[in-house]
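*Asks:* predicted model and sequence follow; I will ask about them next.
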Amino acid sequence: MKIEILGVGCAKCHKLEEMVRETVKAQGLSADISKVEDIKKIMSYGVMTTPALVVDGEVKVAGKLPSSEDIKKLLGIK
Amino acid sequence: MAECCTTLPENEQDNKKKYIPLVLIPLAVVVYVFLEQGVNFFVDHVLKLEKGAHLTEAIRFFLYDTPKVLILLTVIVFVVGIIRSYFSPEKTRKALEGKPLFVGNIMAACLGIVTPFCSCSAIPLFIGFVESGIPLGVTFSFLVAAPMINEVALVLLFGLFGWKTALLYASTGLLIAIFSGWVIGRLKVERFVEEWVYEIKSGDFQMVEQKITFHERIQAGYAAVVDIVSKVWIYIVAGIAVGAVIHGYVPENFMASLMGKDAWWSVPLAVAIGVPLYSNAAGFIPILQALLGKGAALGTALAFMMSTIGLSLPEMIILKKVMKLPLIVIFVSVVAVGIMIVGFLFNWVY
């Protein structure tokens, strides 16, 4: 699974990255997590608000910090 | 909502919790309605303070206005949070695509009020608008209205100045956003946008549109309250405290020479100070309200508020990444002139 966190250094973006890393670790998932800070790259997803969460190239959340429950769901954990 | 009646038992507890904020609203209304009597009783009969004394009136002002504004703020932010959950910058962009200049300006300014927006995402938003062919002038209408007309400023204006001033602020702010965007659109400023902005090709928004239940919207309102109120309450309390001291101790007409009607230069001065100044409305609106009672003119006060809230140095620095300096200068000047016109107009009318 490829997870990308889009964000240009806002507080919520850091928080999202932290939460995603925690969830992945806690669930023992194997995922490639990366933080995308390049504005051109962020725009290429058509996202206008950060933080955004992209899983396998698909934008799951944009413009808000999802709860840890939501993150689990978005990562496909029951 | 039919879902609420068919929820499974194990979810019921959880759902009930989500409605707690709704139950609190009537309670807030009751407190709000009886607040003035309660505070008067407390000050005159419990504390037994001398009526009309400086200290008494300062305390009365503080005790009454602080809870009043905080209750209003909580309720309004909650409601606005729910309303905002129906909007997103992506939807706003869709709505603005292909709209002609003037109609687009009006729509952009109105959508600027309700679309969730923080100046930290001004860049992706600007690029997103430009990239989908929305005229620059329309984009600017959005960028002016979004920060200027916000719920915190409106609540404070409503709570401290009354509904007329709040309405005046919102409507003139909207007009400034519409017309400054329109003027900038006419100036053909496209060449002052950084070239790389035009090179960006953004993909279509592929986010699966998630169905948001009403529970989740209420949660969004609740989250907005926690997010905003926890950030601004301290400024409000501090602002009202300073305002209370001004109310009680600063002599009448103290501000007349500095911010009064007859001092015509006070409007441009207020804007010149207000533009670079970055402050949330929470702290200084109560202070401004107190100064109004000491001879400051409404137009000057409005001009100061608008320039502080609507234009700020940090926002300009953010926008500098996508705009060349001439465009920033044009943007600030056009909006500042609009604000000054409003300031002069109100000093002249009242």
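*Replies:* Received it, and whenever you're ready, just let me know what you need. Residues are numbered from 1 along each chain as shown, chains lettered A, B, ... in the order given.
*Asks:* within the helices and strands, which one has residue B:176?
*Replies:* Element membership for residue B:176, per DSSP states H and E: helix B:163-186.
*Asks:* and for that helix, what are the contacting residues?
*Replies:* Judged by Cβ atoms under 8 Å, 6 or more residues apart in numbering or on different chains, the contacts made with helix B:163-186 from elsewhere in the structure are B:101-102, B:105-106, B:108-110, B:112-113, B:135-142, B:144-145, B:148-149, B:153-154, B:157-158, B:298, B:302, B:305-306, B:310, B:330-331, B:334-335, B:338-339, B:342, B:346. In this view, the C-beta of every residue, glycine as well, is placed from N, C-alpha and C.
*Asks:* try stretch A:67-78
*Replies:* In contact with stretch A:67-78 (Cβ under 8 Å, 6+ apart) are residues A:1, A:3, A:19-20, A:22-24, A:27, A:29, A:31, A:53, A:55, A:60-61, A:66.
*Asks:* hmm, which of the contacts of helix B:163-186 are the buried ones?
*Replies:* When the contacts of helix B:163-186 are checked for burial by 16 or more other Cβ atoms under 10 Å in any protein chain shown, the buried set is B:102, B:105-106, B:108-110, B:112-113, B:135-142, B:144-145, B:148-149, B:153-154, B:157-158, B:298, B:302, B:305-306, B:310, B:330-331, B:334-335, B:338-339, B:342, B:346.
*Asks:* related to what we said a few turns ago, which parts of the helix holding residue B:176 are buried?
*Replies:* Residues of helix B:163-186 classed as buried by neighbour count (16+ other Cβ under 10 Å): B:165-166, B:168-170, B:172-174, B:176-185.
*Asks:* now do it, average pLDDT.
*Replies:* The average pLDDT for helix B:163-186 rounds to 93.
*Asks:* how about stretch A:45-55?
*Replies:* The model assigns stretch A:45-55 a mean pLDDT of 83.
*Asks:* circling back: buried subset of the contacts of stretch A:67-78, written for ChimeraX?
*Replies:* For selection in ChimeraX, the members of those meeting the burial criterion (16+ other Cβ under 10 Å) are listed in this command:
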select /A:3,19,20,23,24,31,53,55,60,61,66
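*Asks:* inside strands: which ones of the contacts of stretch A:67-78?
*Replies:* The members of the contacts of stretch A:67-78 that map onto strands under DSSP state E are A:3, A:53, A:55, A:60, A:61.
*Asks:* so residue B:201 makes contact with residue A:41?
*Replies:* No. No contact is recorded between residue B:201 and residue A:41 when judged using Cβ atoms under 8 Å, the distance being 11.6 Å.
*Asks:* who are the neighbours in contact with residue A:5?
*Replies:* Residue A:5 sits next to A:13, A:16, A:17, A:20, A:33, A:34, A:35, A:36, A:51, A:52, A:53, A:54 when contact means Cβ under 8 Å, 6+ apart.
*Asks:* just the buried residues of these.
*Replies:* Of those, these count as buried by 16+ other Cβ under 10 Å: A:13, A:16, A:17, A:20, A:35, A:36, A:51, A:52, A:53, A:54.
*Asks:* make a markdown table from the residues you listed and add distance to chain B to it.
*Replies:* Compiled in a markdown table, the buried ones among the contacts of residue A:5 are given as follows (distance: Cβ to the nearest Cβ, whole Å):
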| residue | distance to chain B |
| --- | --- |
| A:13 | 9 |
| A:16 | 14 |
| A:17 | 16 |
| A:20 | 17 |
| A:35 | 15 |
| A:36 | 12 |
| A:51 | 9 |
| A:52 | 8 |
| A:53 | 10 |
| A:54 | 9 |
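*Asks:* in helices only, show me these.
*Replies:* Within the buried ones among the contacts of residue A:5, membership in helices is found for A:13, A:16, A:17, A:20, as judged by DSSP state H.
*Asks:* let me know the closest of these to residue B:255.
*Replies:* Of all those, residue B:255 sits closest to residue A:13, with 43.3 Å by Cβ to Cβ.
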